[in-house]
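> 3D, please:
(one chain, ligands or ions: 1)
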Amino acid sequence: EDFTPFRNEPFTDFTTAENKNAMQEALGVARSALGQSYDLYIGGRPERTAKKFHSVNPARPAEIVGTHFEAGPEEAQAAIDAAQLAFATWKHTTVSDRAGLLLKAASMIRERHLDFCAWLTLEVGKNFAEADADVGECIDFLEFYAREALKLDAATTPIQFPGERNLLRYVPLGVGAVIPPWNFPFAIMAGMTCAAIVTGNTVVLKPSPDAPTIAARFVELMIEAGLPDGVINLVQGGPDVGRAITENAAIRFIAFTGSKKVGLEIHANAAKTLPGQRFIRRTILELGGKDAIIVEADCDIDAAVEGVATSAFGFNGQKCSACSRVIVEDSIYDVFCDRLAARVSKFEVGDPAENVYLGPVINEVAKKRVLDYIEIGKTEGRLIAGGNAIDKEGGYYLEPTIFADIAPTSRIAQEEVFGPLLAVIRSKGFDDALAIANDTEYGLTGALYTNSREKLARARDEFHVGNLYFNRKCTGAMVGAHPFGGFNLSGTDSKAGGPDYLLLFTQAKSVAEKI
Ligand code: NAD
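Predicted coordinates for the structure are as follows:
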């Protein structure tokens, strides 16, 4: 088949009345379907359990977004069995059929783009542009992995040995567990799932209990697109069912994106061989970050202020890529702090359904965690913006908060807060700044603002992160252009949206025939 070259999905311009109205209309439609029940899917069959749970609108927690059914060990086992059964046939389907399914799903999502945006706004509190970016990235993953799968299928051995015909084929692994986080509940959830299935694996997908509705609607779309029974099995619930799936002798690989704590637990358990297990379980882990932006005195200060403000506070800092440390050169430190605090205090906080820039954080636990870190920050530095919760319709709102004069080793400079909290650290110069930036157990994203080619060259070599950006924000990775994944305890550097990603879901088989 002939595919057009990959191109990133364009962003929707919500400054036009037409697009804004269309989004408001989509929100109206989604609102009329709030609270609806969603089934689990096991072997293509819709299933329910006796244990219901709800996802709520973080802007108005009294509002139930979706009603779901919590899976237990029995459903986990049934889902794995169904995936195993489906694997026997799915692994023999052609790559072009599998890629075709992804492209069909991508075009269906494109048609319902704003509907998915609306569900993201209501379920996780994304403003219009953030929701649009999540849906766009989801489409990009499907389009990109469809093409990458075909490329991988066309792979050849580098050398033909004289007197033989040599083949190299990338074959699927088997049944995988896919466990996404709540913060990119569409793109990351669908991206990991589709990378696994396009390469011929079958999966058990367990979404985050904070964002189960988006995932359920995605699985329903995949079924509508022609997904055979058992290729994606959907089970809902939290850590318990997560463990029941990942700690099963039939699970060949685990694709996980989430916190360091859970990722390392999965990694440790995956290293144990369970009775009956016939392979070494593979883990693909994308974890947290404590991402730094270095601001040098020779840069465009206003551009740096803008880049830091949006990197730190876009979607309330609830991105693994979010800037949570800004390291500022001594000679511009005071000016930078003043301008940054002034810029950030202009951010509006309110209902994302009204397209307010900063919505709520995801839940009560997240709100409390950030407030606890604010108390820690007060003992570690100087509060220069925010610092309080905001009371509005019971939503989980917080002011964007900045602490200056933070020591590089202090807790809010070392621990991932995953909320609207930024630490400002003073540097004595570029060597010092690089040392501070690299003094972390993480290594996901980073950025440098400078006009010096020499510093850019040094950062390219010495700033130890998986995704490095120069004179721009450190969030907003684009599929294909910025393959995404981190160093150190930020994960296995799997590079989602990159040319090596699908390899992680395959094993290579070499076949030599004497001629
Ligand atoms: P989380 O680790 O709390 O949960 C992630 C998923 O794991 C959820 O589906 C959860 O239900 C499940 N889970 C929890 N405990 C489990 C267990 N013991 N066994 C199996 N599954 C279990 O993370 P979160 O709050 O959903 O997401 C935020 C985190 O994700 C942050 O740390 C963020 O930096 C990280 N993140 C990383 C990337 C990346 O690409 N590196 C992208 C997005 C988010």
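> just the pLDDT for residue 3.
What the model reports for residue 3 is a pLDDT of 77.
> where does the nearest residue to it once chain neighbours are set aside fall, secondary structure wise?
In space, residue 3 comes closest to residue 147 once its chain neighbours are excluded; the distance is 5.7 Å by CB to CB, 6 or more residues apart in numbering. (Glycine included, C-beta is placed from N, CA and C.) Using DSSP states H and E, residue 147 maps to helix 128-153.
> quick check: mean pLDDT of that helix?
98.
> and it, what other elements does it pack with?
helix 95-111, helix 113-124, strand 164-172, helix 187-198 (3 or more CB pairs under 8 Å, 6 or more residues apart in numbering; DSSP states H and E).
> which of those is buried the deepest?
With neighbours defined by mean count of other CB atoms under 10 Å, none of the helices and strands packed on helix 128-153 is more surrounded on average than helix 187-198, at a mean of 28.
> show the end-to-end separation of stretch 311-324, please.
8 Å (CA to CA, to the nearest Å).
> now the residue of the stretch 1-150 of the chain found nearest the ligand: closest residue in space, sequence neighbours ignored.
Minimum separation of the stretch 1-150 of the chain from the ligand (CB to the nearest ligand atom) falls at residue 124, amounting to 10.2 Å. The shortest distance from residue 124 to any non-neighbouring residue, by CB to CB, 6+ apart, is to residue 211 (5.5 Å).
> now that neighbour. Its backbone dihedrals?
Main-chain torsions, residue 211, degrees, to the nearest 10: phi -140, psi 50.
> any idea how many residues pack against it?
Residues lying near residue 211 (other CB atoms under 10 Å) number 25.
> correct me if wrong: it contacts residue 188.
No. Residue 211 is beyond contact range of residue 188, at 10.1 Å (criterion: CB atoms under 8 Å).
> element containing residue 183?
Applying DSSP H and E, one finds residue 183 in no helix or strand.
> CA atoms of the helix or strand containing residue 204 as PDB?
Using DSSP H and E, residue 204 falls within strand 202-205. The C-alpha trace of strand 202-205 is given here as PDB (Å, rounded to 0.1, in the frame of the first residue of the first chain):
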ATOM      1  CA  THR A 202      -2.400  -8.500  21.900                       C
ATOM      2  CA  VAL A 203      -2.900  -6.500  25.000                       C
ATOM      3  CA  VAL A 204      -4.700  -6.000  28.300                       C
ATOM      4  CA  LEU A 205      -5.300  -2.300  28.700                       C
END
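> so what strands line up beside that strand?
strand 175-179 (parallel), strand 232-234 (parallel) (DSSP bridges).
> among those, which is nearest residue 17?
strand 232-234 (37.7 Å; CB to CB).
> is that closest one up against the ligand anywhere?
No. Against the ligand, strand 232-234 shows no contacts by CB under 6 Å from any ligand atom, the least distance being 12.4 Å.
> which residues are contacting that strand?
40-43, 79-80, 82-83, 193, 197, 202-205, 207, 215-216, 219, 222 (CB atoms under 8 Å, 6 or more residues apart in numbering).
> picking up where we left off before, mean pLDDT added to the helices and strands packed on helix 128-153, as CSV?
Converted to CSV, the helices and strands packed on helix 128-153 look like this (pLDDT from 0 to 100):
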stretch, mean pLDDT
helix 95-111, 98
helix 113-124, 98
strand 164-172, 98
helix 187-198, 99
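> same list (those) but as a markdown table, adding distance to residue 50.
As requested, these are arranged in a markdown table below (distance: least, CB to CB, whole Å):
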| stretch | distance to residue 50 |
| --- | --- |
| helix 95-111 | 32 |
| helix 113-124 | 24 |
| strand 164-172 | 35 |
| helix 187-198 | 25 |
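> and this protein, which of its residues are near the ligand?
179-184, 188, 206, 208-209, 238-239, 242-243, 246, 257-259, 262, 265-266, 286-289, 320, 416, 418, 444, 484, 486, 490-491.
> PyMOL command for the buried members of these?
Applied in PyMOL, the following selects the buried portion of the residues of the chain next to the ligand according to 16 or more other CB atoms under 10 Å:
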select buried, resi 179+180+181+182+183+184+188+206+208+209+242+243+246+257+258+262+265+266+286+287+288+289+320+416+418+444+484+486+490+491
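> how near is the residue lying closest to residue 451 once chain neighbours are set aside to residue 430?
Spatial nearest neighbour of residue 451, chain neighbours left out: residue 298 (4.8 Å); criterion: CB to CB, 6+ apart. Computed as CB to CB, to the nearest Å, the residue 298 to residue 430 distance reads 10 Å.
> give me the more crowded residue out of these two.
Comparing residue 298 with residue 430 by other CB under 10 Å, the one with more neighbours is residue 430, at 22 against 15.
> next one: phi and psi at the closest residue to that one other than its chain neighbours?
Nearest-residue entry for residue 430: residue 455, 5.6 Å, with adjacent residues in sequence omitted and distances by CB to CB, 6+ apart. Main-chain torsions, residue 455, degrees, to the nearest 10: phi -70, psi -40.
> show me what contacts residue 455?
296, 298, 430, 448.
> narrow the residues you listed to those in strands?
Assigned to strands by DSSP state E, the following of the contacts of residue 455 qualify: residue 448.
> in helices, which of the contacts of residue 455 appear?
residue 430 (DSSP state H).
> any chance of the contacts of residue 455 in JSON lines, plus pLDDT?
Output for the contacts of residue 455, formatted as JSON lines (pLDDT from 0 to 100):
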{"residue": "296", "pLDDT": "98"}
{"residue": "298", "pLDDT": "98"}
{"residue": "430", "pLDDT": "98"}
{"residue": "448", "pLDDT": "99"}
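> break down the stretch 251-400 of the chain into its helices, ranges please.
260-270, 301-313, 333-345, 364-380 (DSSP state H, counting those that start in this stretch).
> okay, now residue 480: neighbour count?
With other CB under 10 Å as criterion, residue 480 counts 18.
> confirm it sits in a strand?
No. Read with DSSP: H, G, I helix; E, B strand; the rest coil, residue 480 is coil and lies in no strand.
> and the helix holding residue 147, which residues are buried?
Buried residues in helix 128-153 (16+ other CB under 10 Å): 128-150, 152-153.
> ok and that helix relative to helix 113-124, angle-wise?
110 degrees (axes from the mean of the first three to the mean of the last three CA atoms, to 10 degrees).
> distance check, the residue nearest to residue 197 when sequence neighbours are not counted against the ligand.
Take residue 197 and drop its neighbours on the chain: the residue closest to it by CB to CB, 6+ apart is residue 231, 5.6 Å away. Separation of residue 231 from the ligand (CB to the nearest ligand atom, to the nearest Å): 20 Å.
> mind pulling up the pLDDT for residue 231?
pLDDT at residue 231 comes out at 99.
> same question for the one 4 residues further on.
Note on residue 235: pLDDT of 98.
> what about the residue lying closest to it once chain neighbours are set aside, distance to residue 188?
Nearest residue to residue 235 in three dimensions, chain neighbours excluded: residue 71, at 3.8 Å (CB to CB, 6+ apart). Separation of residue 71 from residue 188 (CB to CB): 20 Å.
> need the helices of the stretch 251-400 of the chain in TSV with mean pLDDT, can you?
What follows is the helices of the stretch 251-400 of the chain, written out as TSV (pLDDT from 0 to 100):
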stretch	mean pLDDT
helix 260-270	98
helix 301-313	98
helix 333-345	98
helix 364-380	98
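> hang on, the earlier thing: just want the angle from whichever helix or strand comes after the strand holding residue 204 to helix 128-153.
Per DSSP H and E, the first helix or strand lying C-terminal to strand 202-205 is helix 212-224. Compare the direction of helix 212-224 with that of helix 128-153 by the same axes, to 10 degrees and you get 40 degrees.
> tilt between helix 212-224 and helix 95-111?
Computed by the same axes, to 10 degrees, the angle separating helix 212-224 from helix 95-111 equals 130 degrees.
> return the residues in contact with residue 275.
By CB under 8 Å, 6+ apart, the neighbours of residue 275 are residue 249.
> measure the closest residue in space to residue 440 that isn't next to it in sequence to residue 15 for me?
In space, residue 440 comes closest to residue 290 once its chain neighbours are excluded; the distance is 4.8 Å by CB to CB, 6+ apart. To residue 15, residue 290 is 34 Å away according to CB to CB.
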